[in-house]
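Asker: next one to model:
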Amino acid sequence: MRLMSNHCEVHSKRFAGQMKRYGKLGLTSIGMICGESVYATDFSAMLGAAVVSSESVIVGEDDDDLKLYPYAKLEYGNFSISKDGIGLAFELNETDSLSFLLSSRDSAFDSSNAALRAIDTPDDAIDLGLTWSTKTKFAEYGVSGITDVSDTHNGYELSFSVAKPMRALGGLLKPSVELSLQSEDIVDYYYGVSASEATSELAAYKGKSALLTSLGVQYLYQLTDSWVTLTSVSYTHLGAGITDSPIVDKDSAWSGVFGIAYKF
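Answerer: You can find the predicted model right below:
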């Protein structure tokens, strides 16, 4: 049985105003990117679905016990479009690659949250991300920067990740760690509480920059040349800039995903 490439991953569409991009700390946007290489030489399509379980870190939000999410991805050459967003990827050499992703950053909570009804629900933002990644015989490394291009939160996010793919249990096992710095503007926009929004239950809060630490492990198993399954478990510790907010009631959260996809 032939393994698919190390670039087959489940993406959680990152954290913070995302809280649907980790926020609710839920993986509500699932991206299964699987293929024989990072790039599609011709048109290709992928269909799949994933079951997600996640903890909430927001006051008044329930944990997601089990939810099913569909997924679709289209690729042509360096171009891709999916729930993750619109992407362009370029192979610089045998080990290095560069990619761009235009994606949405969702609000940290829903307008239906009764506990936070005094707070205006933040708007979704459009972010542009740039990622450089490299592979060595020891590990895979990635550095990325994300900035707001929709004039919504006007902040940025910087990330560094290390992953170690290895063959195990008949598939591909990939433990990873990621550090992510979210700017003061992002944290304040999605987790801040203005003086006019403060109540006896929620104190006013001016957001500060936050460093998030994520640990994860993915297990990829190729059923056939076209069918692949992926299991992913992750743990994220939020920085003090986020956990000091009165709308956040946990300093960390777990999430898990089981997905299956078919590539045409």
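Asker: pLDDT on the helix or strand hosting Ile146, on average?
Answerer: When elements are assigned from DSSP states H and E, Ile146 belongs to strand 140-148. For strand 140-148, mean pLDDT rounds to 97.
Asker: direction included, what does that strand pair up with?
Answerer: Partner strands for strand 140-148, per DSSP bridges, with pairing direction: strand 125-135 (antiparallel), strand 156-163 (antiparallel).
Asker: next, the buried residues of the shortest one.
Answerer: Which is strand 156-163. Neighbour-count burial for strand 156-163 flags Tyr156, Glu157, Ser159, Ser161, Ala163 (criterion: 16 or more other C-beta atoms under 10 Å). The way it works is simple: take the backbone N, C-alpha and C, and place the C-beta from them, glycine included.
Asker: which residues sit against it?
Answerer: Outside strand 156-163, the residues that touch it by C-beta atoms under 8 Å, 6 or more residues apart in numbering are 14, 16, 127, 139-148, 174-183, 185-186.
Asker: hey, where'd the helices end up in the protein?
Answerer: Here the chain has its helices, by DSSP state H, at 184-191, 240-243.
Asker: most tightly surrounded among those?
Answerer: helix 184-191 (a mean of 24; mean count of other C-beta atoms under 10 Å).
Asker: helices or strands up against that helix?
Answerer: Where contact means 3 or more C-beta pairs under 8 Å, 6 or more residues apart in numbering; DSSP states H and E, helix 184-191 is packed against strand 156-163, helix 240-243.
Asker: for those, give me CSV that also has distance to Ala204 and mean pLDDT.
Answerer: Listed next are the helices and strands packed on helix 184-191 as CSV, based on distance: least, C-beta to C-beta, whole Å; pLDDT from 0 to 100:
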stretch, distance to Ala204, mean pLDDT
strand 156-163, 24, 97
helix 240-243, 15, 96
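Asker: possible to save these as TSV with distance to Gly207?
Answerer: TSV is the format used below for the helices and strands packed on helix 184-191 (distance: least, C-beta to C-beta, whole Å):
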stretch	distance to Gly207
strand 156-163	13
helix 240-243	6
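Asker: all set now, cheers.
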